[in-house]
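# quick one, structure for this:
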Amino acid sequence: MLYLRDLWTRHRRKVLVTAGVLGSGYFLYKLYDAHKRRLSDLERQLASERENDEFIKAQMQVHFETIQRIADTTTLPHAMHYLSCRIAEGLDLSHLTERLMKGKGQPNSLSSSEKLELWDRLKILSFTRMAVSIWAVTMLSLYIRVQVNILGRHLYIDIARGLGSSHLLEDADLIDRDDQQKFLASADFLANYGLPTLLSDMQTAATKVLKAKQLRDFFNTTVLHQTIMQILDMFMSMGSPHHWVDCLMPEDSRLYKLATTSSSDKTNPPEFTQFDQLMFETREVLSSAEFGSVVEISLKEVVNALVEEKGFQSGVGSLTLGMPLARLLPRIAQICPTLLDEPSKNQFVQMIQSVPEVGLFFTLLYANMSTS
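Got it, this is the predicted structure:
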C-alpha cells in the first residue's frame, strides 16, 4: 500500500494528464463519429432527392412530349381545317375569275375600265389571301402550342404533387375539366370572331403595298418575297402594339364566355375562373417580346419556303427567271390552299415546329422559365 501510495504521489500528475488526453480523444472521436453519421444521412437524403428530381424531370419530359402530340394530332388539325374553310369563304376569288373569263370569251361584255378594275381587285385579294394564309398558319400553330404548353404545365403539377415534388407545386390549383375544354376550344376564336378584322386589316396593308404594282411588272423570287414581307410587316405594325393578338383571342375572356353561353345565362357577368387565368397567361405570353421574336422568325421561314414552292417554280416560266404579275396571280390562287393543309402533311407547319428558336421557346415556356 505504501508503495502504491508513493507511486500515485510521484505519478499522479502524469496519470491525470494521460486520463484527460484519453478522455478528450474519446470525446472528440464521438463528436467526429456523430458528425460523420449526420453527413452520411445528409448525403443519402440528398441522393434520394436528386433521384426523385431526376424522376420528376423524366416524367415532365414525357408529359411535355405527350402535350406536343396532342397539339399536333388533335387540336391543330381541327382548328386548321375550320379556319381554312372560313378563309376560303371570306376571300372567294371565283366570282372575279369567272367574270374575267367571261369577258375573255365575250369581249364586248366588259369595258376596258371594268377589266382593269377586276384585275386590280384580283391582284389585291390574291395577295391578301396569301398573306392571311401565311399569317394564319404561322400564328395558329404557335398559338395552340402556347395554349397546350400552358395547360400542360398546370396539369403536370398534379403529377408532380403525387410524386412528392415540392418546389414546383406552390400555390397550385387544379384545372377543372370544363375549363380545360373551353380553353382549348378557344383556338377557334380566330375563325369565329377574329377573322373579319384580320381580313380587313390585311387587305388594307396589301392595297398600300401593291398600289404601285402594275400587272405587267416583272416578278421574280426576290420581288415576291419582298412584297409578301412588306404586307406582313405593315399589318403587324398597324395600330397599337400587339393589336393582332385581338384576332387570336378575346381581350377579356369573360366577354368571350358571355358570347358563347345561352341567353338565359347572361343575366349575371361570369366571375374570374381558372379558364380566365389560363387565357390571361396566354395573352401575357403572346404579348411578350420573346414571342414576338419567335413570330418574326417563323413568318420569315414560311415565306422563304413559299417562294421556293414548286407551284411557283415549275411549269412554263418560273419565279427564278421571273414573270409578269398577271401570270403570277393564278399561281398564287393555286398555292394558297396548300398553306392550310392538314398539319401532318403541311410542310409549313412542320417547318415552324423545326425552327430551333421555336423549340427553345416552348421548352422554356413549359418549364415556366423566363425566355429572356
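
# which residue ranges of the stretch 1-150 of the chain form strands?
Ranges of strands in the stretch 1-150 of the chain, per DSSP state E, counting those that start in this stretch: none exist.

# just for the stretch 151-300 of the chain, where's the confidence low?
For the stretch 151-300 of the chain, the stretches with pLDDT under 70 are 157-175, 253-270.

# could you rerun that using 50?
The model of the stretch 151-300 of the chain has pLDDT under 50 over residues 166, 168-172, 258, 266.

# strands of that one, residue ranges please.
Using DSSP E, counting those that start in this stretch, the strands of the stretch 151-300 of the chain run over 218-219.

# so which residues of it form helices?
177-185, 189, 195-210, 221-236, 245-248, 253-259, 274-286, 289-307 (DSSP state H, counting those that start in this stretch).

# burial measure for residue 180, as a count.
16 (other Cβ atoms under 10 Å). Glycine gets a C-beta too; all of them are placed from N, C-alpha and C.

# surely it touches residue 151?
Yes: the pair residue 180 and residue 151 qualifies as a contact (Cβ atoms under 8 Å) at a distance of 6.3 Å.

# what residues are shared contacts of those two?
Common contacts of residue 180 and residue 151 (Cβ atoms under 8 Å, 6 or more residues apart in numbering): none found.

# thinking again about what came up before, winner for burial among the helices of the stretch 151-300 of the chain?
Greatest average neighbour count among these goes to helix 189 (a mean of 22), per mean count of other Cβ atoms under 10 Å.

# quick one: stretch 132-150 to chain centroid distance?
Centre-to-centre, stretch 132-150 and its host chain are 6 Å apart (Cα atoms, centre = their mean, to the nearest Å).

# same question for it, mean pLDDT?
For stretch 132-150, mean pLDDT rounds to 94.

# distance to residue 135 for the helices of the stretch 151-300 of the chain - can I get that in JSON lines?
Output for these, formatted as JSON lines (distance: least, Cβ to Cβ, whole Å):
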{"stretch": "helix 177-185", "distance to residue 135": "21"}
{"stretch": "helix 189", "distance to residue 135": "15"}
{"stretch": "helix 195-210", "distance to residue 135": "7"}
{"stretch": "helix 221-236", "distance to residue 135": "6"}
{"stretch": "helix 245-248", "distance to residue 135": "9"}
{"stretch": "helix 253-259", "distance to residue 135": "21"}
{"stretch": "helix 274-286", "distance to residue 135": "14"}
{"stretch": "helix 289-307", "distance to residue 135": "7"}
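
# for residue 38, find the nearest of those helices.
Across the helices of the stretch 151-300 of the chain, residue 38 has its closest neighbour in helix 274-286 (43.3 Å, Cβ to Cβ).

# now that closest one against helix 177-185, angle please.
Here helix 274-286 runs at an angle of 30 degrees relative to helix 177-185 (axes from the mean of the first three to the mean of the last three Cα atoms, to 10 degrees).

# which helices and strands does helix 274-286 pack with?
helix 112-162, helix 177-185, helix 245-248, helix 253-259 (3 or more Cβ pairs under 8 Å, 6 or more residues apart in numbering; DSSP states H and E).

# got the contact list for the second one?
Okay, so that is helix 177-185. With contact meaning Cβ under 8 Å, 6+ apart, helix 177-185 is reached by 75, 147-148, 151, 155, 257, 260, 273-275, 278-279.

# now, which of those residues sits nearest residue 299?
Closest to residue 299, out of all of the contacts of helix 177-185 and judged by Cβ to Cβ, is residue 147, at 19.5 Å.

# before we move on, back to that, so which of the helices of the stretch 151-300 of the chain gets nearest residue 120?
Going by Cβ to Cβ, the one of the helices of the stretch 151-300 of the chain nearest residue 120 is helix 195-210, 8.7 Å.

# what is the closest one packed up against?
helix 76-90, helix 112-162, helix 221-236, helix 245-248.

# with just CA atoms, put that helix into PDB.
Extracted C-alpha coordinates of helix 195-210, given in PDB (Å, rounded to 0.1, in the frame of the first residue of the first chain):
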ATOM      1  CA  LEU A 195     -61.100  36.700 -89.000                       C
ATOM      2  CA  PRO A 196     -63.100  39.700 -90.200                       C
ATOM      3  CA  THR A 197     -60.600  42.100 -88.600                       C
ATOM      4  CA  LEU A 198     -57.700  40.100 -89.900                       C
ATOM      5  CA  LEU A 199     -59.100  40.100 -93.500                       C
ATOM      6  CA  SER A 200     -59.900  43.800 -93.400                       C
ATOM      7  CA  ASP A 201     -56.500  44.900 -92.000                       C
ATOM      8  CA  MET A 202     -54.500  42.600 -94.200                       C
ATOM      9  CA  GLN A 203     -56.400  43.900 -97.300                       C
ATOM     10  CA  THR A 204     -55.600  47.400 -96.200                       C
ATOM     11  CA  ALA A 205     -51.900  46.500 -95.900                       C
ATOM     12  CA  ALA A 206     -51.900  44.700 -99.300                       C
ATOM     13  CA  THR A 207     -53.600  47.700-101.000                       C
ATOM     14  CA  LYS A 208     -50.900  50.100 -99.800                       C
ATOM     15  CA  VAL A 209     -48.000  47.800-100.700                       C
ATOM     16  CA  LEU A 210     -49.400  46.900-104.200                       C
END
